[in-house]
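Chemist: Just to be clear, the model below is a prediction. Sequence and coordinates:
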Amino acid sequence: MDAQALSLTHQIVWWSHLVLAFSFLALFTYSKMAHVLFIPGNYYYRSLKPAGTLEPIDFEDEELETMGVRMLEEYTWKDLLDAQACIKCGRCQENCPAYLSGKELSPMHFIQNIAAQNKTRGEVLLKVPEDARTEEQQALLDEGVVGTVISEDALWRCTTCRACSELCPARVVHPDKDIKARTYQVCMESAFPPEAQQTFRNLETNGNPWGIGWQKRIDWTRDLDVPTIEENPTAEYLYWPGCSGAYDARSRKVATAFVHLMKQAGVDFAILGNAEKCCGDSARRLGNEYLYYMLAQENIETLNNAGVKKIVTQCPHCLQALSVDYPQMGGNFEVLHHSQLLAQLIAEGKLKPGASEYQQVTYHDSCYLGRYHGQYDAPRAVLTQGAQVQLNEMERNESKSFCCGAGGGHMWLEEPAGKKINHMRAEQALETKADALVTACPFCLTMLSDGVAFHDATMPVKDLAEVYYEALEH
């Protein structure tokens, strides 16, 4: 090829490259690759608050007209930025227990629908004057989130386990958007699953989701010699057994074991007794923000009046409410999960190693203790250093743990379609061939016990406090 031909070829290649480069820049924002522009901003503006922090509603505001999200524009700019940053990789739905169990919910489609609706609505809002809009365009703008972005059934399938958000490379937060839509449905439309009605009524009348008389909350302490805060006002720790520990027969055994362990370690503690009310977590995750507000307000007033500084609880859902939600309303306490306190007591030598009857156990990471609070080491320390057992981990463990199916208020809802999430998790535990299945959450304890029973298996399901206490008594 002579010099003239080379020169011509060079010019053709150079100009072709230039045209392609500028065409790419022009078309970039209209392609799937647009997320590359949004992800850095989405990461930079990610919330630095604790996981699961929900924005409170100011019920003292006299100008408050609505609660939650009905229209797409009522989501925050960060919610909408989340949708633009989504890369459609599918990691969220590949780890979503609702999706994997055959429910209608797909977290990826939920976020993508927000982005699509935002674009469609934006074109009308920004380009068409209000007095020039057609009936079809106005009808589009009048459509709410529920029914367009997410179906009414899918709205109630999220267990708020945060597996989607934990594994999202774009840092998209899915559950909070679902809860905001639930809040509008519950507080403004009174539209929610029928089973939730009884739960709300029980919380309103008796301060617990079972509806058992509030005056029976302290009954579990009979023969345990557990002081109330009135009897021991200077106690270092306020023990919060939660509704499960107080009312559920199975969880009462956990509370009893934990009380024995604290006494053996010489922990100075007391309980609120009948003055304790439900923490409100289930009400809030189900969208009943006002009911949560009333329960939280009463509990915070009781705790502050008692001068409580430190709280320990065996329920990760109570842990979330007491340590993350309550500070928004003036309830500032140091809150520990019972696994954290037990691990601390073992490390300090106040509790000795035991000899468990189980050689190998598999541990189920609770979503609210793990992904919400990052507590993976403390529970395992109690089992391996305290109870002296070997861990046989499930494939999905720690931050990749599979939900038990009770979060997001699903402890009180029916699971109408597909496989049962707790049956799936129990099957994963049974595959380990461990001697026992251990968890650190009363909701998980109930769901996994039911799951193991469904498979006609004999694997014991225990809380780590029970395993450790039995190891010391063995």
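Modeler: That came in fine, so what should we check first?
Chemist: List the backbone torsions phi and psi for W240.
Modeler: When read as degrees, to the nearest 10, the backbone of W240 gives phi -110, psi 90.
Chemist: hang on, it packs against C278?
Modeler: No: with contacts counted by C-beta atoms under 8 Å, W240 stays clear of C278, the gap being 10.9 Å. Every residue, glycine included, has its C-beta placed from N, CA and C.
Chemist: So for the two, which sits in the more crowded spot?
Modeler: C278 (29 against 26; other C-beta atoms under 10 Å).
Chemist: and that one, what does it touch?
Modeler: Contacts here follow C-beta atoms under 8 Å, 6 or more residues apart in numbering; on that basis C278 touches 203, 207-209, 242-243, 295.
Chemist: what about 7 Å?
Modeler: 203, 207-209, 243, 295 (C-beta atoms under 7 Å, 6 or more residues apart in numbering).
Chemist: low-scoring pLDDT stretches of this structure, where are they?
Modeler: Low-confidence segments of the chain, defined by pLDDT under 70: 1, 28-32.
Chemist: Show me the longest helix that occurs in the protein.
Modeler: helix 3-28 (DSSP state H).
Chemist: any chance you could map the strands in the stretch 151-300 of the chain?
Modeler: Using DSSP state E, counting those that start in this stretch, the strands of the stretch 151-300 of the chain run over residues 237-240, 269-270.
Chemist: now swap in the stretch 301-450 of the chain and tell me
Modeler: Counting by DSSP E, counting those that start in this stretch, the strands of the stretch 301-450 of the chain are 310-313, 334-337, 360-363, 390-391, 436-439.
Chemist: what would those look like in CSV with distance to A406 and mean neighbour count?
Modeler: Formatted as CSV, the strands of the stretch 301-450 of the chain follow (distance: least, C-beta to C-beta, whole Å; neighbours: other C-beta atoms under 10 Å):
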stretch, distance to A406, mean neighbour count
strand 310-313, 16, 22
strand 334-337, 17, 20
strand 360-363, 17, 22
strand 390-391, 23, 14
strand 436-439, 11, 27
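Chemist: For my notes, please list those in CSV and give distance to T256 for each entry.
Modeler: Output for the strands of the stretch 301-450 of the chain, formatted as CSV (distance: least, C-beta to C-beta, whole Å):
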stretch, distance to T256
strand 310-313, 15
strand 334-337, 18
strand 360-363, 20
strand 390-391, 25
strand 436-439, 17
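Chemist: ok, back up a step: among the strands of the stretch 151-300 of the chain, show me which one is buried the most.
Modeler: Stretch with highest mean neighbour count among those: strand 237-240 (a mean of 24; mean count of other C-beta atoms under 10 Å).
Chemist: Show me what that one is packed up against.
Modeler: Under the contact criterion of 3 or more C-beta pairs under 7 Å, 6 or more residues apart in numbering; DSSP states H and E, strand 237-240 touches strand 269-270, strand 310-313.
Chemist: who does it pair up with?
Modeler: The pairing partners recorded for strand 237-240 under DSSP bridges are strand 269-270 (parallel), strand 310-313 (parallel).
Chemist: contact partners of the shortest one?
Modeler: Looking back up the chat, that one is strand 269-270. Applying C-beta under 7 Å, 6+ apart, the external contacts of strand 269-270 come out as 227-229, 231-232, 235-239, 262.
Chemist: cutoff 6 Å now
Modeler: 227-229, 232, 235, 237, 239, 262 (C-beta atoms under 6 Å, 6 or more residues apart in numbering).
Chemist: between these, which is nearest Y43?
Modeler: Y237 (38.2 Å; C-beta to C-beta).
Chemist: E236 - nearest residue in space that isn't next to it in sequence?
Modeler: D268 (4.4 Å; C-beta to C-beta, 6 or more residues apart in numbering).
Chemist: The one you found and A163: what is the separation?
Modeler: 38 Å (C-beta to C-beta, to the nearest Å).
Chemist: residues touching A257, list them.
Modeler: Contacts of A257 by C-beta under 6 Å, 6+ apart are 465-466, 469.
Chemist: That should have said A321, apologies.
Modeler: 279-281.
Chemist: For those, which entry has the maximal number of neighbours?
Modeler: D281 (31 neighbours).
Chemist: Ok, which of the strands paired with strand 237-240 comes nearest L100?
Modeler: strand 310-313 (29.8 Å).
Chemist: Would you map the helices across the stretch 151-300 of the chain?
Modeler: 152-155, 163-166, 175-189, 194-206, 242-247, 249-265, 281-285, 289-305 (DSSP state H, counting those that start in this stretch).
Chemist: Now do the last one: which elements does it pack against?
Modeler: Packing contacts for helix 289-305, counted by 3 or more C-beta pairs under 6 Å, 6 or more residues apart in numbering; DSSP states H and E, involve helix 281-285.
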